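> I'll drop the sequence and a predicted model, then ask my questions.
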Amino acid sequence: MPVKPTYPGVYIEELPSGVRTITGVSTSVAAFVDRFERGPLNKPVQIFGMADFGREFGGISLASESSYAIQQFFLNGGNECFVVRVANTTSATSATAPATAASALLRVQPTAGATVFTVSAGRKIGDDSVADPGIWGNNLYLEVDYEAGDLTHPFSLILTVSEIVTEGGRRVTRRSENHRGLVAELAGPGNAIDVVNSASTLIQLAKGAGWAANLPAATGTMGAEIPIASTIPASPVALTVDAGGGPRPVSVTHTFGGTSNDHPAFRPLLEAAIRAAALSATSDAERALLEGAVVRLIGKGTAANKYRYQILAGRGGSGFDGTEKLTVGGTNAVLNALGLGAATVNVQQVRLTGGKDGIALAAAELIGVEVDKTGLYALEDVDLFNVLCLPAAPLLSEAEMQTVYMTASSYCERRRAFLVVDIPDTVDTLTKMQTWIGQNDKLRHRNAAVYFPRTRISDPLADGRPRSVGASGTIAGLYARTDANRGVWKAPAGTDARLRNVLSLDYLLTDPQNGALNPLGVNCLRSFPVYSNICWGARTLDGADAQASEWKYIPVRRLTLFLEESLYRGTKWVVFEPNDEPLWAQIRLNVGAFMHTLFRQGAFQGTSPREAYLVKCDHETTTQNDIDNGIVNILVGFAPLKPAEFVIVKIQQLAGDIQV
């Protein structure tokens, strides 16, 4: 409001300029929906490179077509995508088929009693703790330890989680987490469940009926309290150590100093005795269990029983699978007082089990349920995506594939996005492609395109041997590269549209064969000398000659989607403004500035703005009846650039010595 003058002097008022800049939206954000090695189900995750993809979804997987497509997307120029993991959760129909997709699980409970808590593969996504099903979770190992020198609280724990995989015949730790200062209380600082669930990207805890009732043992399972040592014998202690390869009798001698029991001095002798048994080990795994054994004196107990011993076996070397045990026993009666009488101890790490990937995907998983935001509809939580790829769809039956792609086309139309359709690997000749497009005419849509043939790339999981993959990921990356270099109005095709990381094509087309597919709206991938493998088509699936559609070309359609989305977002400020000429003038100013910027970048036909575009918003577009109904109509027109699909060079022979 204007300042009301009350005293003599100078007053300053800031007047609005009416300029509200419209910013063009991104045009090359891709979305992939498929099965992956790991990751949250039905949750879109933003990915900016293969490092992100490997960390969140496990990287390339033989069972995932989209994992290869995502690699191709980034190699061909893409820089941002959203990935949605789906899984088939129906029961297995065959005795040999994998069952329902499930998270790896460890049930932590006392020797006798209710479950204290469960540990499952999962992570924190926003405000939700989500399961992370899959076989990958079986590679998670749990270690439970006590805070060093702190037993004032009986549940002060250190929880270490490691993902250990076999690569090149060696076991390596891919990821590891360490959670300290955990306590088994329902609330308050250090609450184990709250701390782990909010911080971990590998596991999630859930409490059971026995929560806060037992002391966790170092094996990762809940057990009774660690036995408290009372006295140390003056004579040698006879130990028998068994790591699976047979008993190893060992003697320990300890001499007292004075009248007190020197437990700290006895601990390394006890540890050395157990490790000495490794000298007669019969296997590498047994030797690793014994050589890696650790005896800890973890804290004070009562005045009469001062210390607690904790024995941890080694991790079993390269053969460790989480089942090895170390047994410590003997005939000396004082072993019981030390808490070592016939004690069977697991290795320190305990493995999660039960993770399953589920059976092959069906149409129901890819499509999902809209109200539940599952499958394809998980993208409802994504603000913007431009290109949708479903490389798993061609693996389905023809009827299911058609259902998936028709649903996806409708969804893309609603979200102002573009769908790249993949073909099955059986469609590998010209005749088969002609038959396929004829049988799938129902897939024709102005927001979709199909490419032939499939591409062959080097498979890093098969020693670099060629693997046939759908072209969608490569093409989505090409769209992104072309948009960045030339603009969304440039056709993503031509001699500069090279297909990176493509070794060869499943079928080599000739010019006449290309001419047979192009009028059907099929974009061809070609291999030319010097230029190598390139994209040689830019038509939508609505671009068959017989349809005579105004949306024949991909750049025209994608430019239109770009304008629609940019103007949709850039004119929201208009809502609830006074609907009269001052508003209309502002609209013309801001929308006109946006269109003029694109004109100067070469997005439209014409040599002048009048020839290239128009923006109209006045009494002609918005009548009094519209005003009464709260409507303002904005007319935006543009003259699109269409690709030079056919270049005709006319050559005429002229007679010599012609005077001009």
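Right, received. Where do you want to start?

> Okay, domains of the protein per the record?
Domain ranges of the chain: 1-22+578-660, 30-88+360-557, 105-207, 229-345, per automatic domain parsing.

> Quick check: which of those is buried the most?
Among the domains of the chain, domain 30-88+360-557 has the highest mean neighbour count (mean count of other C-beta atoms under 10 Å), at a mean of 20. C-beta coordinates here come from the backbone N, C-alpha and C atoms, glycine included.

> State the mean pLDDT of that domain.
Per-residue pLDDT values over domain 30-88+360-557 give a mean of 95.

> before we move on, which element is the nearest residue to L202 once chain neighbours are set aside in?
Of all residues beyond its chain neighbours, the one nearest L202 is V161 (5.0 Å), with distances taken as C-beta to C-beta, 6 or more residues apart in numbering. Here V161 sits within strand 157-167, counting by DSSP states H and E.

> Counting by contacts, list what that strand packs against.
Taking 3 or more C-beta pairs under 8 Å, 6 or more residues apart in numbering; DSSP states H and E as the contact definition, the neighbouring helices and strands of strand 157-167 are strand 140-146, strand 170-182, helix 192-199.

> so which of those gets nearest C389?
With respect to C389, and counting by C-beta to C-beta, the nearest of the helices and strands packed on strand 157-167 is strand 170-182 at 27.1 Å.

> picking up where we left off before, measure the residue nearest to L202 to E143 for me?
Distance check for V161 against E143: by C-beta to C-beta, to the nearest Å, it reads 8 Å.

> Switch the domains of the chain over to TSV; also include distance to G354.
As requested, those are exported to TSV (distance: least, C-beta to C-beta, whole Å):
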stretch	distance to G354
domain 1-22+578-660	53
domain 30-88+360-557	14
domain 105-207	5
domain 229-345	13
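
> Looking at those domains, which is nearest to L567?
With C-beta to C-beta as the measure, domain 1-22+578-660 is the member of the domains of the chain nearest L567 (6.6 Å).

> now that closest one: mean pLDDT?
This predicted structure assigns domain 1-22+578-660 an average pLDDT of 90.

> What ranges does the stretch 1-150 of the chain have for its helices?
Assigned by DSSP state H, counting those that start in this stretch, the stretch 1-150 of the chain shows helices spanning 50-57, 65-75.

> Give the other helices and strands that the first one contacts.
With contacts defined as 3+ C-beta pairs under 8 Å, 6+ apart, the secondary structure elements packing on helix 50-57 are strand 45-47, helix 65-75, strand 81-85.

> With respect to A121, which of those lies nearest?
strand 81-85 (13.0 Å).

> can you give me the offset of that closest one from its chain's centre?
A distance of 6 Å separates the centroid of the chain from that of strand 81-85, by C-alpha atoms, centre = their mean, to the nearest Å.

> got it, and stretch 286-294?
Averaged C-alpha coordinates place stretch 286-294 at 38 Å from its chain's average position (C-alpha atoms, centre = their mean).

> And stretch 263-283, by the same measure?
46 Å.

> if we can go back for a sec, closest one to N138 among the helices of the stretch 1-150 of the chain?
Scanning the helices of the stretch 1-150 of the chain with C-beta to C-beta as the criterion, the closest one proves to be helix 50-57, at 16.8 Å.

> which outside residues touch the closest one?
Contact with helix 50-57 is made by 36-39, 45, 47, 59, 67, 70-71, 74, 83, 85, as judged by C-beta atoms under 8 Å, 6 or more residues apart in numbering.

> Just flag the most distant two among these.
Among the contacts of helix 50-57, R38 and F74 lie farthest apart (C-beta to C-beta), at 19.0 Å.

> now, among the contacts of helix 50-57, which is nearest to C389?
Here the nearest of the contacts of helix 50-57 to C389, counting by C-beta to C-beta, is I70; it sits at 8.6 Å.

> Dump the helices and strands packed on strand 157-167 to JSON lines, plus distance to G487 and mean pLDDT.
Written out in JSON lines, the entries for the helices and strands packed on strand 157-167 read as follows (distance: least, C-beta to C-beta, whole Å; pLDDT from 0 to 100):
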{"stretch": "strand 140-146", "distance to G487": "47", "mean pLDDT": "73"}
{"stretch": "strand 170-182", "distance to G487": "41", "mean pLDDT": "83"}
{"stretch": "helix 192-199", "distance to G487": "44", "mean pLDDT": "84"}
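
> Just send the ones you listed back as a markdown table, with distance to H619 too.
As requested, the helices and strands packed on strand 157-167 are arranged in a markdown table below (distance: least, C-beta to C-beta, whole Å):
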| stretch | distance to H619 |
| --- | --- |
| strand 140-146 | 68 |
| strand 170-182 | 65 |
| helix 192-199 | 58 |
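
> did I read that right, D425 in a helix?
No - with DSSP: H, G, I helix; E, B strand; the rest coil as the criterion, D425 is coil rather than part of a helix.

> Touching, it and P394? I think so.
Yes - A contact is recorded between D425 and P394 when judged using C-beta atoms under 8 Å, the distance being 7.2 Å.

> returning to what we had before: can you redo the helices and strands packed on helix 50-57 as a markdown table with distance to R467?
Supplementary listing: the helices and strands packed on helix 50-57 in a markdown table, determined by distance: least, C-beta to C-beta, whole Å:
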| stretch | distance to R467 |
| --- | --- |
| strand 45-47 | 21 |
| helix 65-75 | 7 |
| strand 81-85 | 20 |
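
> now for those, which one comes closest to A399?
Among those, the nearest to A399 by C-beta to C-beta is helix 65-75 (19.1 Å).

> angle of that closest one against strand 81-85?
Put simply, helix 65-75 runs at 170 degrees to strand 81-85, going by axes from the mean of the first three to the mean of the last three C-alpha atoms, to 10 degrees.
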